[in-house]
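Have a look at this prediction, sequence included:
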Amino acid sequence: MTGFLKTGLAAIGMAVMATGAFAADWTPPGPIKLMIAFKAGGGADTQARLIAEELEAKMGWKFIPEQVTGKGGLNMAAALKDQPNDGTAIGMAVTETFGYNMAAANAGFTPEDFTGLTTTAGFQMGVVALSSKGWTSFDDMIAAAKGGEDIRFGVMSPKLADLAYLLGQAHGVEFNIVSVKGGKGVMNGVNAGDLDVGFMAGIQAKGVAAGDLVNLASALSEPLVQTPEAPTFADLGVEYNADGYFVFVGPAGMPDDARLALSQAITDIVSDDTSKAGGLIAKAFGGASTISGDNLTALMAGDYANAGQLMAAASE
């Protein structure tokens with residue numbers, strides 16, 4: 001994943017370099033309000049606060065973080081879109097916010113109402129169970145389901161609920177799909193035995209490394225960094241996936257100098273494994289995955305446009 005996205009970043013590298021001096025001269029006209037779409041302590045919140053802390057030290061910019069949670073990031077998006085677009089208000093969410101979630105909610109706004117700054121890391125979205133369940137492969141879980149076991153499958157978004165449904169459908173089983181709040185909620189449910197399996201987007205890394213958890217499958221279009229032998233959804237007969245990224249955005253119409261300065265500064269921090277934010281991303285998410293500029297605009301628009309196909313498939 002990281003190698004591919006670095007190639008994508010290289011494609012816009014000339015544009016960034018050409019305007020680098022221009023961007024380096026930009027300073028925010030005031031403190032930067034950083035709206036974080038997910039609750040304190042999660043992967044998005046921790047990244048956002050570490051990045052803000054290091055940008056304050058490196059650039060001298062002042063950040064004011066605040067939680068604006070709910071509706072899969074849509075509450076944050078609704079609050080951000082009407083903020084000043086001069087670089088003094090930005091948000092941290094996930095690309096799913098501006099794709100499936102925005103389309104499904106018919107929110108009244110679209111990705112065009114935002115300026116994409118940069119992604120920081122891709123999801124390491126796995127289908128995860130406790131090792132003590134005795135399942136060492138995805139096939140083991142399916143065999144248990146076909147043997148009559150009620151498989152409680154934890155999800156933290158409507159998109160993932162649809163994917164869990166399609167995964168079961170592809171293998172002739174019906175999962176008991178349980179919605180919880182956040183990846184940490186899924187992990188806590190699995191660890192407590194309240195859930196048998198669930199989606200986790202990198203938070204499982206420590207448990208997998210310790211042998212307490214097992215990645216049964218990659219919910220991505222490619223293998224997980226930590227468990228490359230786990231089958232992908234395509235391998236398992238599901239044409240959709242949970243590819244997505246943590247992303248910084250601003251309101252629509254942000255000036256080029258502000259957009260470039262912010263995206264470049266964030267990219268530098270997360271791509272440095274010796275920084276606190278870069279170290280966290282390397283450990284939990286397999287390394288930085290940065291997409292900026294027109295590539296990010298196209299990614300967000302594409303996710304929004306394609307959301308309907310997944311919803312239609314899951315409703316059949």
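On my side now, so go ahead. Bear in mind that the values here come from a model prediction, so they are computed numbers and not experimental data.

Please count neighbours and contacts with C-alpha atoms only from this point.
Will do.

Roughly how far does the residue nearest to Ser179 when sequence neighbours are not counted sit from Gln169?
Distance criterion CA to CA, 6 or more residues apart in numbering; nearest residue to Ser179, sequence neighbours excluded, is Val155 at 5.0 Å. Counting by CA to CA, to the nearest Å, the separation of Val155 from Gln169 is 16 Å.

Can you give me the buried ones in the host helix or strand of Asn75?
Using DSSP states H and E, Asn75 sits in helix 74-80. Across helix 74-80, burial judged by 16 or more other CA atoms under 10 Å covers Leu74, Asn75, Met76, Ala77, Leu80.

Over stretch 144-162, what's the mean pLDDT, rounded is fine.
The average pLDDT for stretch 144-162 rounds to 96.

Buried residues in that stretch, which are they?
Ala145, Ile151, Arg152, Phe153, Gly154, Val155, Met156, Ser157, Lys159, Leu160, Ala161, Asp162.

surely the fourth one meets Val180?
Okay, so that is Phe153. No: counting by CA atoms under 8 Å, Phe153 stays clear of Val180, with 10.2 Å between them.

coming back round to it: give the next helix or strand downstream of the helix holding Asn75.
Next helix or strand after helix 74-80 toward the C-terminus (DSSP H and E): strand 89-94.

and that following strand, how far from the chain's centre?
12 Å (CA atoms, centre = their mean, to the nearest Å).

likewise stretch 88-96?
11 Å.

those strands in the protein, which residues are they?
With DSSP state E as the criterion, the chain has strands at 32-36, 63-67, 89-94, 114-122, 125-130, 152-155, 176-179, 197-201, 213-218, 245-251.

how near is the residue nearest to Ser179 to Ala201?
In terms of CA to CA, Val155 sits 11 Å off from Ala201.

Tell me the residues that contact both of these two, please.
Gly183 (CA atoms under 8 Å, 6 or more residues apart in numbering).

rewinding a little: closest to Ser137 out of the buried residues of stretch 144-162?
Ranked by distance to Ser137 (CA to CA), the buried residues of stretch 144-162 are led by Ala145 at 13.1 Å.

Please list all residues in contact with that closest one.
Ile151, Val173, Phe175.

Done for today, thanks.
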